[in-house]
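In: Starting from these lines, generate the structure:
(2 chains)
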There are 2 protein chains.
Amino acid sequence: MLRTHTCGELRAEDINTEVTLAGWVQRVRNKGGLIWVDLRDRYGVTQLILEEGSTDEALLKKAASLGREFVIQVEGTVIERTSKNDKIPTGDIEIKATSLEVLNRAKVPPFIIEDETDGGEELRMKYRYLDLRRNVVRNKLQLRHRMMQETRKFMDGQDFIEVETPVLIKSTPEGARDFVVPSRVNPGEFYALPQSPQTFKQLLMVSGFDRYFQIVKCFRDEDLRADRQPEFTQIDCEMSFVEQEDVLNTFEGLVRHLFTQVKGVELGEVERMTFADAMKYYGNDKPDLRFDMKFVELNDVAQNKGFGVFDSAELVLGICAKGAGEYTRKQLDELTNWVKRPQIGAKGLIYVKCNADGSFKSSVDKFFNQDDLKAWAEKCGAEAGDLILVLSGDKNTARKQMSELRLKMGEDLGLRDREVFRPLWVMDFPLLEWDEETARFHAMHHPFTSPKAEDIPLLETDPGAVRANAYDLVINGVEIGGGSIRIHDRATQQLMFKHLGFTDEEAQKQFGFLMEAFEYGAPPHGGIAFGFDRLCAIFGGSDSIRDYIAFPKNNSGRDVMIDSPSSIAEDQLKELHIKLESKGI
Amino acid sequence: MLRTHTCGELRAEDINTEVTLAGWVQRVRNKGGLIWVDLRDRYGVTQLILEEGSTDEALLKKAASLGREFVIQVEGTVIERTSKNDKIPTGDIEIKATSLEVLNRAKVPPFIIEDETDGGEELRMKYRYLDLRRNVVRNKLQLRHRMMQETRKFMDGQDFIEVETPVLIKSTPEGARDFVVPSRVNPGEFYALPQSPQTFKQLLMVSGFDRYFQIVKCFRDEDLRADRQPEFTQIDCEMSFVEQEDVLNTFEGLVRHLFTQVKGVELGEVERMTFADAMKYYGNDKPDLRFDMKFVELNDVAQNKGFGVFDSAELVLGICAKGAGEYTRKQLDELTNWVKRPQIGAKGLIYVKCNADGSFKSSVDKFFNQDDLKAWAEKCGAEAGDLILVLSGDKNTARKQMSELRLKMGEDLGLRDREVFRPLWVMDFPLLEWDEETARFHAMHHPFTSPKAEDIPLLETDPGAVRANAYDLVINGVEIGGGSIRIHDRATQQLMFKHLGFTDEEAQKQFGFLMEAFEYGAPPHGGIAFGFDRLCAIFGGSDSIRDYIAFPKNNSGRDVMIDSPSSIAEDQLKELHIKLESKGI
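Out: As a prediction, the model looks like this:
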């Protein structure tokens, strides 16, 4: 090794030891005949010291000429520091350098490599390898590493077998967003990259693997939102001979293990809520339970009082913002403007302030007297000092808008602490959802999710009312995992494809292998998949997954560091039996 | 859970316990008013028993009608078996069934699901999910799981960080065998799937990650030989501030750990050999050291005795097959025919038998007297009862042919025991190798491998003689890993690209990001990658990697189970901005 110790290792008890260190020059200070060099590596920072008089001239000169990010190797003796630094673990010592070799020089980096940097996002993406040199960024990937190892330790301990499923699979018409790979050996044919290993993990259950997991890359060629990546990582899991309750218990265990081992946090009870209740009380299927502010339906106390906006609304919804009764006119105007932005799209916002003296002040005092407002306050559980916010409209829209407003109020009131974790199972999702565009039902989860046995008759009469044996794990308003008990018999699977608008031929062509497998003794089974990037971001207290991916792509799916995607040679295209659509390369 | 216990769990101490089991019907026997059902799952087999008189009529009837591979759930009581079966861990008990539910029926499988099956390879590939149900096949994937977990445990313990590098990367002209992925968002442009994460792991070293590893899928679109797969798995590793010796020691540690933990085998010393010696003494760069039979160059004792074949040969090579002196005429003729097959291509084979009485009998007695042959025997270390086999010709050909013959003799003499493991580092590979077809030098390992410092001057004068800081780990004649100390400065990397025939522009376009990274403080670094599929096969005692892959592709790169690759829809092609070359779909 080019070193005897790392830069994070030496302590007071190592004083007088001869050591060799190697690393990056973080900083050089030169003052009163003394030169200090902060030497950095992944493990920490160690201070080197060179002193005029006691250090060789040539060595002093070499040290003085070091630039930031130079890679050096230093020999020297560990000595006690005169002014100790208790902020770093090596702060009691320094190295009196006796020799120094520059292993590699460095140009001046395009941005400062410190926890706080002056580099913009684009520059940091282009020089991602330098951004990764910053402790704050590398720590996120070390967290990810820890999460991976602990996930595997837990799963292995529960007898799950990790099986690698193929990356080169088959394109399906359902998967309009498949990435495809032309085959050289099979002209005119294509592989697809998996959006998930769903069918393979089900086949492993048919094979009797009983418990499968995999931490696996998946791919989706969709229009990228700020926080989506074309390639992402899942913790993918499946179990046989289980019912929903078994899956929930097992993976509560996993999440609990990760919180204890990686964050030292004891996760409290994992609450459970039906999809219907989540929509009713929080306006979305992944409520943030770090704060209350449940929706209250005010129709019975707010309608028929002559306020046309409410009277014509399908739903009048209130939330109680505890302690926000002191909001100023300005703050309330800002809130109103906020809900009226196109992204939210509300027509307006009604408020009721609950005054200290028990009276109420609202933006609709013209239509509602104090008794009316008192009835609202009672329904909302509002007390003196609280603020009631009311939106109305058709049911789905009002819920959606109120969900956004609720989250904003939670944020504004400091109720969304990144170090508080509130996990929740959302259950009983609808099996199907109607798609206006294609005018047919789509699988809300995927076509392999089983309907609740008691709802199967509804498939013929009221498909939208059929509930699925499906569940999502939500933490702090973020969906981190979702799964279901699967269909495991051919007849039900065929029925499902029929309701999704597949002809028998299409179903057979695409999923014949799975339906045939179900005829050879398929056990009841179910599973779950966690979005691993997002799980890491939650653990790291971040909203964005991008920092938790070593080499992420930008919003156009480009890797700006390596400049990919890129054109390829004409003869390579030829070998693959394809041509470009329009203009040449 | 649909069971209280697995089928491998119950023992004598569980007698009288009420249990629920679930699994597959392995076999039903019906004799003298008794019905036995062998119930199987991943964990084992448990016998169920039903008895006329004491068991309910309907239940008996149901049990009698069970078919092979039916999935059932059974309730019953654990009782002591009258005739114990000491071949299985559950052999002391059986379950007196009190109820039985068929969870799923099964058609008669297309082949027998037992350790010995009647299914041909093609049929088993098509129904891979049934083949995986056989214990012997599933055990191989359980071994693979164990290998993965132990690899991670070791690497994590050595402070290596697992980092996932991207799957959608950039195509390089060097990588003529890249799989490519058309980009929908970036018309006319393509991603490539990685043949290895080489450049990314080097960038991670530039980032100061210090120690990186990953168990990662890689892809190569090459013409498939029997034992290659288009997607394969590597244990990919890289370390900073190391010299070759550090890498060798670290990964000897990994391999030792795996042998101890997974196979309970203490691996002996890992021998070391230069590439030059491997070629000289074994005729290839991955010698099988489970047996000796080193090549002996016989030119000085075999030439100039009037035997034209030898006299005109560049090299006369002998090996000594211990104890094979009793080979019959027929066996020797067979050996001669074997080396004359087109795959080997020798013109003939010379033998010398060392008789018990100290005399010799050879196929070239006409040209060589007993003293001549004695000289051969002495050089070869042959004693009474041994057989000397001699091939000659130009150096490379003779070595290649003798290498094949040596392996065959090792096999025939039972010297290649699958439970004996002889690891070897082969070192000092040539940096470059001449390619007749393209009439230029290619990187033997890859363009990022560093030349030995003392050989750099030779780059200009005798490029073929430059040795690389490269090493392969070989076990039992199989290359399981290879790596090198890398180039870490721009100047050397540029020089290397120049010698590989890149123009400056080409080098910049393809690898500009890496060379630029080297200018910002790149540490000395090196690493290794192991072929994980092959490593598993070695541990499992198998020659073929295919069984160690859950869903392998066939020799045409097809997955015959899911029928992939396959055609895709015209409008999907359109979205991807490509057309098929000739005929439509």
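
In: Wait, A:Ile112 touches A:Asp118, no?
Out: Yes - with contacts counted by C-beta atoms under 8 Å, A:Ile112 reaches A:Asp118, the gap being 5.2 Å. C-beta coordinates here come from the backbone N, C-alpha and C atoms, glycine included.

In: These two: which is more packed in?
Out: A:Ile112 (13 against 9; other C-beta atoms under 10 Å in any protein chain shown).

In: Give me the distance between that one and chain B.
Out: A:Ile112 sits 13 Å away from chain B, going by C-beta to the nearest C-beta, to the nearest Å.

In: A:Val474 now?
Out: Taking C-beta to the nearest C-beta, one finds A:Val474 at 25 Å from chain B.

In: What of A:Ala346?
Out: 33 Å.

In: next one: A:Lys408
Out: Remark: distance between A:Lys408 and chain B (C-beta to the nearest C-beta) = 32 Å.

In: Which element, helix or strand, includes the closest residue to that residue other than its chain neighbours?
Out: In this structure, A:Lys408 finds its nearest non-sequential neighbour in A:Trp338, 6.6 Å apart by C-beta to C-beta, 6 or more residues apart in numbering or on different chains. Element membership for A:Trp338 (DSSP states H and E) is helix A:329-340.

In: and that helix, what does it pack onto?
Out: helix A:395-412 (3 or more C-beta pairs under 8 Å, 6 or more residues apart in numbering or on different chains; DSSP states H and E).

In: quick one: average pLDDT of the helix it packs on?
Out: Throughout helix A:395-412, pLDDT has a mean value of 97.

In: Describe which strands the following helix or strand past that helix pairs with in its sheet and in which direction.
Out: Sequence-wise, the next helix or strand downstream of helix A:395-412 (DSSP H and E) is strand A:423-427. Next to strand A:423-427 in the sheet, as set by DSSP bridges, lie strand A:271-274 (parallel), strand A:470-475 (antiparallel).

In: Could you export the helix or strand following the shortest one as CSV, CA atoms only?
Out: Stepping forward along the backbone from strand A:271-274, the first helix or strand reached (DSSP H and E) is helix A:275-282. Coordinates of the C-alpha atoms in helix A:275-282 are reproduced here as CSV (Å, rounded to 0.1, in the frame of the first residue of the first chain):
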residue,chain,number,x,y,z
PHE,A,275,-57.4,3.9,-0.1
ALA,A,276,-61.0,5.2,0.3
ASP,A,277,-60.2,6.8,3.7
ALA,A,278,-56.8,8.2,2.4
MET,A,279,-58.7,9.9,-0.4
LYS,A,280,-61.4,11.1,2.0
TYR,A,281,-59.3,12.4,4.8
TYR,A,282,-56.1,13.4,3.0
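
In: quick check, distance from the helix or strand just after helix A:275-282 to the centre of its chain.
Out: Per DSSP H and E, the first helix or strand lying C-terminal to helix A:275-282 is strand A:296-297. How far strand A:296-297 lies from its chain's middle: 31 Å, per C-alpha atoms, centre = their mean, to the nearest Å.

In: Remind me what strand A:296-297 packs against, helices and strands.
Out: strand A:315-321.

In: So what's the gap between the strand it packs on and the chain middle?
Out: Taking C-alpha atoms, centre = their mean, the mean C-alpha location of strand A:315-321 is offset from the chain mean by 29 Å.

In: likewise stretch A:534-543?
Out: Using C-alpha atoms, centre = their mean, the offset of stretch A:534-543 from its chain centre is 6 Å.

In: tell me which residues in it are buried?
Out: For stretch A:534-543, the buried set under the neighbour-count rule, 16 or more other C-beta atoms under 10 Å in any protein chain shown, comprises A:534-540.

In: Equivalent analysis for stretch A:236-246, please.
Out: Those would be A:236-242, A:244, for stretch A:236-246 by 16+ other C-beta under 10 Å.

In: How about stretch A:263-273?
Out: Buried-residue list, stretch A:263-273, by 16+ other C-beta under 10 Å: A:263, A:267, A:270, A:273.

In: Lowest-confidence entry in those?
Out: Per-residue pLDDT puts A:Leu267 lowest of those, at 93.

In: Not counting its neighbours along the chain, what's nearest that residue?
Out: That would be A:Phe259: by C-beta to C-beta, 6+ apart, it lies 4.6 Å from A:Leu267.

In: contacting residues for that neighbour?
Out: A:265-267, A:421 (C-beta atoms under 8 Å, 6 or more residues apart in numbering or on different chains).

In: Distance of the closest residue to chain B within the stretch 251-400 of chain A relative to A:Glu150?
Out: Nearest to chain B, among the residues of the stretch 251-400 of chain A, is A:Gln261, at 12.7 Å (C-beta to the nearest C-beta). Between A:Gln261 and A:Glu150 the distance is 5 Å, computed by C-beta to C-beta, to the nearest Å.

In: can you check A:Gln343 too?
Out: 38 Å.

In: which of these two has more neighbours?
Out: The residue with more neighbours, out of A:Gln343 and A:Glu150, is A:Glu150; 17 against 7, by other C-beta under 10 Å.

In: contacting residues around stretch A:61-72?
Out: So stretch A:61-72 is contacted by A:22-28, A:30, A:35, A:37, A:39, A:48, A:50, A:97, A:100-106, A:108-109, A:113, A:133, B:520-523 (C-beta under 8 Å, 6+ apart).

In: now do 6 Å
Out: A:24-25, A:28, A:30, A:35, A:50, A:100, A:102-106, A:109, B:521, B:523 (C-beta atoms under 6 Å, 6 or more residues apart in numbering or on different chains).

In: What subset of these is buried?
Out: By 16+ other C-beta under 10 Å, the contacts of stretch A:61-72 give A:24-25, A:28, A:35, A:50, A:100, A:103-106, A:109, B:521, B:523 as buried.

In: what's the next secondary structure element after the lengthiest helix in chain A?
Out: Longest helix in chain A by number of residues (criterion: DSSP state H): helix A:135-157. As assigned by DSSP H and E, the chain's next helix or strand after helix A:135-157 is strand A:161-162.

In: Each with direction, which strands does that next one pair with?
Out: strand A:211-219 (parallel).

In: May I have the partner strand as CSV, with CA atoms only?
Out: Below are the C-alpha coordinates for strand A:211-219, written out as CSV (Å, rounded to 0.1, in the frame of the first residue of the first chain):
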residue,chain,number,x,y,z
ARG,A,211,-39.1,-16.5,-0.8
TYR,A,212,-37.3,-14.4,-3.4
PHE,A,213,-35.7,-11.0,-3.3
GLN,A,214,-33.4,-8.9,-5.5
ILE,A,215,-32.0,-5.4,-5.4
VAL,A,216,-32.3,-4.7,-9.1
LYS,A,217,-32.1,-2.1,-11.8
CYS,A,218,-35.3,-1.4,-13.6
PHE,A,219,-35.9,0.9,-16.6
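
In: could you give the mean pLDDT of it?
Out: The model assigns strand A:211-219 a mean pLDDT of 98.

In: now do stretch A:296-316
Out: 96.

In: Quick check: end-to-end length of it?
Out: Start-to-end span of stretch A:296-316 (C-alpha to C-alpha, to the nearest Å) is 8 Å.

In: Kind regards, and thank you for your time.
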